[in-house]
Structure formats: structure tokens, C-alpha cells
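>>> just need the structure, nothing else, for what follows:
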Amino acid sequence: MQHFSTAQNSPPDGAAAPHSTTCIPSCATPCITTGSGPAIAPGITRRSWMGSGLGLAAWGLTGGATPARASSQNATPWPNRPLQLIVPWPAGGATDLTLRLLCEEAEPLLGQRIVVANKPGAAGTLVAPALKAAAPDGYTIGQVPLTVYRHALMQHVPWDPVTDLEPIVQVSGVTFGVLVPSDSPWKTLADMVSWAQANPGRLLLGSTGVGTTAHLAMEDVLQQHSVTYTHVPYKGTADQMLAIASGQLMAGVNSTGFAPWVDQGKMRLLAIFSAQRSNRWPDVPTLRELGYPNAIHTSPWGLSAPAGTPEPIISQLHNVFKKAMFSERHQQALARYDQALIYLDTAAYRQSIVQTVAREKQLLKRINLLATPAA
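Next comes the predicted model:
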């Protein structure tokens, strides 16, 4: 079966699409261009090539025809209807808000609306089965947090994020921090650890879910001090922040959705899990500074589609979201929550996922959370 490719003719970001041809790479002889349409290999008539389905796909996906011309050839250019972006967190959290703004920036570039569908719960992993069940046509994509790959290592699930999901682009990461109510007697992380050691099991500490980066990052630190505590998982940031600020939780670990709460004096930030101190909170130490050299967690995330989504569509989605994520509005939104762009293109993102899965296996094995092989 012959395949077509459009990657070599993709214009740079912001540039108009050039007048180009689409070739069948496996052809042994040069292609012939007919009129303003795609190139056709000698020996293949235009009628038979277009009728095969390859011509229709190339014609619609390369942008070689205007919608009107594509319609006359019984082809439909992509996209021709709204897309759905699955966000595995509650509405109103930092990730949800920045993704909605990212969609606003991407919509004019796609020429279609992007509808956000929130599917919170299960530590952000509900996006994986939803994408696996979706048609691989580019109309359903999802925000995929690190927990999706980790959860598949911790549990036996009927989906494999490495084979069932098709990476599009890595977008950003987050700053994780250890938080306590503003009136807490603990001024430092050492204060909290010392109290927890003296009061086994009494520390009430929350995170955004079992197996999330927030949970495992703190678990790894507390295990080093043989601290036992009560873990309270939440579906998302907003509920957990309310619980910490009101004193229902003694402490919590979360990503940068905590920023407004800290800035308003409703809670205290004891330490962060970044490699360097934050410019926003320069007086807050990193866990690495406090003697935990491996406690560096940013949980980079990206966008993915169902496996089997055609490569030209993945390429178009990558180009659109790359341009949108580097927009001034989107970068300002990330900065509001102390996040930064951590862009990786499709190939680099795919390779990073492979490396991340290998690293996560080691972490989960160390803290006895790696799933045993199925019988």
C-alpha cells in the first residue's frame, strides 16, 4: 500500500501555504503535476488516483485545494467541524483555565471551535480511556498529564498510554509546593516533618489524587523519615485549596494552582519541588536545597490524540498548537500560575515519554507502588 506525505511541504509558522505538490514517496519515477492539484505518478490516471481515496486524503489534508474545489472533488478538508479537547481536571483550576485560553488562541488557526470537556477524577487518568475509545480522526484530543503513564504502571488497566495514544506536542509543566494554612505553627518543612515524626499517623495531608505527582513526591520525602500520615486525595486543585485554607487539612501538596492563595496570604508555601527557586517566591527553598537531591518534579504535560490518527492531521495540530502556545496571551496565563513553556515537537515528545516511563518505573519500584506482573 502506498502512502503520501505532506511534511516536506509544510510552511513555517505564520507563513502562507506555498503552491506545492504531493508525491507518493514509494514511486520509482518522477511525479507529474496536473493543473493546480496534487502530483500524480506516471501510469496512474487522475481519475483512478482520486478514486482510490489517496487523492482525496492528500487533496483535503495538504490544503492544496480550497474548500469549494475540494467539495467539487467529493473531498472534505480537515477540520470541517468543532474539535473536542478532553481536560481530565475540574473546571476552574489552573490547568483548565490555561488550556481554555490556549484553545482560544488555536481556534482562528484551525478555523473551528475547540470545545473543552472536563473529565475529572482518577488522578487525571480518565483522559486515556476516553481517547482510546474515540475515533482517530483528529476531532478528539486530550491533555495528558504524567499521571496517565504512571497509573498504567501502578495498576492493571485496559489501556496502554504508550500504544493507545498519539503524542502531538508537549506544552508545559508545573511548580509543585508543600502548603500549610496561613495560621499553621509550621514555618518550615522541617517543622512539619518533626511534628509528624513525633505524632505518627496524625498528619493530615492532601493531594490531587492517589498516584499523582503531588502524592508521590511527598510520599518519597516522608518515607525517608519513616513518617506515617493520613493521605486525603482530591479530584482537583480548587477543592484542595479550600480545604487547606480553611484548616480542614494540616498540609497539602499541589501544583501552581495554589499561587493566588499564597499571594493573598491564605496559605503558606514551605518548599517547592523545582530545580531552582521561583522568581515569584524567591524566599521559598527548594526540596533539593533542603537535602532531597532527587525531589525535583515538574510533571510536564502535553496534548495527544487517539493512536492511528493520520500523520498529516497530527502535523497540522502540532503546528497550530505550537503557534498558539507561544502567543503572548497564553504565556501570560502560564506565568500567572508560575508555569513556563516546555515545548517539545511530536518526535521529541514521543521520545521523552519513553524515557519518562522508564524513570517512573524506577521511582514506583523504590516506594513499592509498581504493579506486579499480571498472572
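
>>> C-alpha from now on. contacts and neighbour counts both.
Will do.

>>> list the buried ones in stretch 288-307?
The neighbour-count check on stretch 288-307 (16 or more other CA atoms under 10 Å) flags 288, 295-307 as buried.

>>> any chance of TSV for those residues, columns secondary structure, pLDDT and distance to residue 162?
Shown next, in TSV, are those (DSSP: H, G, I helix; E, B strand; the rest coil; pLDDT from 0 to 100; distance: CA to CA, whole Å):
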residue	secondary structure	pLDDT	distance to residue 162
288	coil	95	30
295	coil	91	25
296	coil	88	23
297	coil	89	21
298	coil	87	20
299	coil	87	17
300	coil	91	16
301	strand	95	14
302	strand	98	13
303	strand	98	13
304	strand	98	11
305	strand	98	12
306	strand	98	11
307	coil	98	9
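
>>> nearest to residue 118, out of those: which one, please.
Taking CA to CA as the measure, residue 118 sits nearest to residue 303 out of those, at 14.5 Å.

>>> hmm, residue 146 and that closest one touching each other?
No - counting by CA atoms under 8 Å, residue 146 is not a contact partner of residue 303; they are 11.3 Å apart.

>>> make a markdown table out of the buried residues of stretch 288-307 and add distance to residue 177.
Converted to a markdown table, these look like this (distance: CA to CA, whole Å):
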| residue | distance to residue 177 |
| --- | --- |
| 288 | 12 |
| 295 | 11 |
| 296 | 11 |
| 297 | 10 |
| 298 | 10 |
| 299 | 12 |
| 300 | 15 |
| 301 | 18 |
| 302 | 21 |
| 303 | 24 |
| 304 | 27 |
| 305 | 30 |
| 306 | 32 |
| 307 | 34 |
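
>>> so which of those comes closest to residue 229?
For the buried residues of stretch 288-307, the nearest to residue 229 is residue 295 (18.9 Å; CA to CA).

>>> wait, isn't the closest one in contact with residue 221?
Yes - Residue 295 is within contact range of residue 221, at 7.5 Å (criterion: CA under 8 Å).

>>> before we move on, the earlier item: quick one: which of the buried residues of stretch 288-307 is nearest residue 188?
Using CA to CA, the buried residues of stretch 288-307 come closest to residue 188 at residue 288, 14.2 Å.

>>> how near is that closest one to residue 131?
36 Å (CA to CA, to the nearest Å).

>>> repeat that for residue 321.
18 Å.

>>> so where do the helices sit in the protein?
Applying DSSP state H to the chain gives helices spanning 46-51, 54-61, 67-72, 94-110, 127-133, 146-154, 161-164, 189-198, 213-223, 237-245, 259-263, 311-325, 328-336, 346-366.

>>> closest one to residue 180 among those helices?
helix 237-245 (6.4 Å).

>>> other SSEs contacting the closest one?
Secondary-structure packing of helix 237-245 (3 or more CA pairs under 8 Å, 6 or more residues apart in numbering; DSSP states H and E): strand 177-181, strand 251-254.

>>> now do 7 Å
When contacts are defined as 3 or more CA pairs under 7 Å, 6 or more residues apart in numbering; DSSP states H and E, helix 237-245 sits against strand 177-181.

>>> circling back to that earlier point, what's the closest of the helices of the chain to residue 81?
Of the helices of the chain, nearest to residue 81 by CA to CA is helix 94-110, at 10.1 Å.

>>> what would the helices of the chain look like in TSV with mean neighbour count?
Formatted as TSV, these follow (neighbours: other CA atoms under 10 Å):
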stretch	mean neighbour count
helix 46-51	14
helix 54-61	21
helix 67-72	14
helix 94-110	20
helix 127-133	21
helix 146-154	22
helix 161-164	18
helix 189-198	15
helix 213-223	19
helix 237-245	21
helix 259-263	17
helix 311-325	20
helix 328-336	17
helix 346-366	15
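
>>> least reliable of the ones you listed going by mean pLDDT?
Looking at those, the lowest mean pLDDT belongs to helix 67-72 (a mean of 35).

>>> give the burial count for residue 224, as a bare number.
Neighbour count for residue 224, taken as other CA atoms under 10 Å: 9.

>>> tell me the domain ranges of the protein?
7-72, 83-174+299-366, 177-272 (automatic domain parsing).
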